[in-house]
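*Asks:* sharing a model prediction with you, sequence too.
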2 protein chains.
Amino acid sequence: MKQPEPVGSGKELSPAPDITPLLQLLGCVHPLSPGVIAYLRKHVTACTARKRKLLLKEGTLCNHIYFLVKGAVRGFRREGQKDITTWIVVENDLVTSIFSLDDRAPSIENIQALENCELLALTYAQLDELYDLYPEFNIIVRKLLQKYYADAERRAFIARLTKAENKYRHFLLLHQPLANRIPLKYTASYLGMTLETLSRVRKKFTSRV
Amino acid sequence: MKQPEPVGSGKELSPAPDITPLLQLLGCVHPLSPGVIAYLRKHVTACTARKRKLLLKEGTLCNHIYFLVKGAVRGFRREGQKDITTWIVVENDLVTSIFSLDDRAPSIENIQALENCELLALTYAQLDELYDLYPEFNIIVRKLLQKYYADAERRAFIARLTKAENKYRHFLLLHQPLANRIPLKYTASYLGMTLETLSRVRKKFTSRV
């Protein structure tokens, strides 16, 4: 099976990256033990991905979980010749392909940098080792997954709404910071509407402010 | 805050219900410790819900996680006067409202029995106690959540597909056992298409067999 390239154009940012924002994200859901902190400080690596670069390509195995320090990325899948944006994530959040990482199967989705990105990376093997060495790490990830699972359900609901205005209203509720940051073609794809419809709906919302 | 009624029309099936299928589901992802098994045997209760009965009503707090021993249930949300089926689950699987259970907030979705159902129930407080008393239970739920999170992403992807045939093809891949069991109006709603479109697509798929 073809392995994904180490994050594309990634170059090491520093031999001992600052992992403070990652520790903050994890520590928000559950206190971090000294063992977990030490493990992360030792093993997490930093890398970069240039705008438009693929962090993960469909058909390859996802071997990393990333923490996005800076930038924005999207997940997308293909329907024929078209690509469908399935999620968009910005800094201070985790990024991976849950299907491929957990099932150890070739990815059914692509992950692409939408801006020049700085990332922290942990391999699947390291993640697995963390679960084994520090059972309390399971509590952290269990709590995080509850949140990500609920977010995935929210994304599914937006996709199921039939009225473009309702879709955009829920998009703003869930992803306000993305509204004026992400190129509209990706937002339109995420919302399952044409660029023209999205522009029309956005004008309506702007005129109401 | 209004509490949900104990599963609708539910009547106790037995004082010490057979929880074997629940233990099998949990044990499939990670070995169950004697402590966890004993706790579940002591605290899990059995109940029933008649066809069409709501197990959870929008606006109320979700206080239970259910294991569906027999039957089928759906989750649905409102868009104006219309209801949108967001998931469908059949026997030998877990059922709850992830938003409400974890956030301890009023539910934004409804859960309805589509058939006469037999269920096993655990309260939120008991679930929380399990995490505290038996840290290994966090491993089990972490692994289960990885699966449910991936499933939620798969459901979101189906909803995003633009061609009815593609939607139905992915539906069969993900939910084959539902195809000839669940009333078509719920499947059509889940797939975001009209009943007429679903019937047309199903005929095409049948004629290919």
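*Replies:* Great, that's in hand. Numbering: from 1, shown residues only, chains lettered A, B, ... in the order given.

*Asks:* the longest helix belonging to chain A near chain B at all?
*Replies:* In chain A, taking DSSP state H as the definition, the longest helix is helix A:136-160. Yes: for helix A:136-160, a contact with chain B is found by Cβ under 8 Å from any Cβ of the partner chain, at A:136, A:138-139, A:141-142, A:145-150, A:152-157, A:159-160. No exception for glycine: its C-beta is placed from N, CA and C like everyone else's.

*Asks:* let me know the average pLDDT across that helix.
*Replies:* Taken as a whole, helix A:136-160 has a mean pLDDT of 92.

*Asks:* next structured bit after that helix?
*Replies:* Going down the chain from helix A:136-160, the next helix or strand is helix A:164-175, by DSSP states H and E.

*Asks:* poorly predicted segments of chain A, please.
*Replies:* Counting by pLDDT under 70, the ranges of chain A that qualify are A:1-15, A:209.

*Asks:* for it, which residues are neighbours of chain B?
*Replies:* For chain A, the residues in contact with chain B (Cβ under 8 Å from any Cβ) are A:77, A:79-80, A:82, A:84, A:86-87, A:98-99, A:102-103, A:131, A:135-136, A:138-139, A:141-142, A:145-150, A:152-157, A:159-163, A:166, A:192.

*Asks:* show me the helices in chain A, by range?
*Replies:* Ranges of helices in chain A, per DSSP H, are A:20-29, A:34-43, A:98-103, A:124-133, A:136-160, A:164-175, A:184-191, A:195-208.

*Asks:* what angle sits between the longest one and helix A:124-133?
*Replies:* In this case it means helix A:136-160. 130 degrees (axes from the mean of the first three to the mean of the last three Cα atoms, to 10 degrees).

*Asks:* counting contacts, what elements does helix A:136-160 pack onto?
*Replies:* Contacts defined by 3 or more Cβ pairs under 8 Å, 6 or more residues apart in numbering or on different chains; DSSP states H and E place helix A:136-160 against helix A:20-29, helix A:34-43, helix A:124-133, helix A:164-175, strand B:82-90, helix B:98-103, helix B:136-160.

*Asks:* just want the most central residue of chain A.
*Replies:* Nearest to the mean C-alpha position of chain A, by Cα atoms, centre = their mean, lies A:V95 at 3.3 Å.

*Asks:* dump the residue contacts of it.
*Replies:* Neighbour list for A:V95: A:L55, A:I65, A:Y66, A:F67, A:L68, A:V73, A:V89, A:I111, A:L119 [criterion: Cβ atoms under 8 Å, 6 or more residues apart in numbering or on different chains].

*Asks:* now tabulate those in TSV and tack on neighbour count.
*Replies:* Shown next, in TSV, are the contacts of A:V95 (neighbours: other Cβ atoms under 10 Å in any protein chain shown):
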residue	neighbour count
A:L55	27
A:I65	19
A:Y66	23
A:F67	24
A:L68	24
A:V73	25
A:V89	20
A:I111	27
A:L119	25
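
*Asks:* of all pairs in those, which one is the farthest apart?
*Replies:* A:F67 and A:I111 (13.5 Å; Cβ to Cβ).

*Asks:* sorry, back to before: give me the buried subset of the residues of helix A:136-160 next to chain B.
*Replies:* Buried residues within the residues of helix A:136-160 next to chain B, counting neighbours by 16 or more other Cβ atoms under 10 Å in any protein chain shown: A:136, A:138-139, A:141-142, A:145-150, A:152-157, A:159-160.

*Asks:* can I assume A:P21 is in contact with A:K70?
*Replies:* No: using Cβ atoms under 8 Å, A:P21 is not in contact with A:K70; the gap is 9.5 Å.

*Asks:* contacts only, for A:I88.
*Replies:* By Cβ under 8 Å, 6+ apart, the residues touching A:I88 are A:A72, A:V73, A:R74, A:G75, A:L114, A:H175, A:L178, A:I182, A:Y186, A:T187, A:Y190.

*Asks:* tell me what the closest residue to it other than its chain neighbours is bridged to.
*Replies:* Nearest non-adjacent residue to A:I88, counting by Cβ to Cβ, 6 or more residues apart in numbering or on different chains: A:R74, 4.8 Å away. Beta bridges link A:R74 to A:I88, A:Q112, judged by DSSP bridges.

*Asks:* quick one: A:R74 and B:Y149, what's the gap?
*Replies:* 18 Å (Cβ to Cβ, to the nearest Å).

*Asks:* cool, and A:S189?
*Replies:* Between A:S189 and B:Y149 the computed distance is 22 Å (Cβ to Cβ).

*Asks:* so what's the closest residue to the residue nearest to the centre of chain A other than its chain neighbours bridging to?
*Replies:* Distances taken as Cβ to Cβ, 6+ apart place A:Y66 nearest to A:V95, at 4.4 Å, with adjacent residues excluded. In this entry, A:Y66 is beta-bridged to A:V95, A:A121, by DSSP bridges.

*Asks:* residue contacts, A:Y66?
*Replies:* By Cβ under 8 Å, 6+ apart, A:Y66 lies in contact with A:V7, A:L55, A:L94, A:V95, A:T96, A:L119, A:L120, A:A121, A:L122.

*Asks:* repeat that with 6 Å
*Replies:* Shown in contact with A:Y66 (Cβ atoms under 6 Å, 6 or more residues apart in numbering or on different chains): A:V95, A:L119, A:A121.

*Asks:* the second one touches A:C47, doesn't it?
*Replies:* When you say that, I think you mean A:L119. Yes: counting by Cβ atoms under 6 Å, A:L119 touches A:C47, with 5.4 Å between them.

*Asks:* quick one: buried residues of stretch A:84-95?
*Replies:* A:I84, A:T85, A:T86, A:W87, A:I88, A:V89, A:V90, A:E91, A:L94, A:V95.
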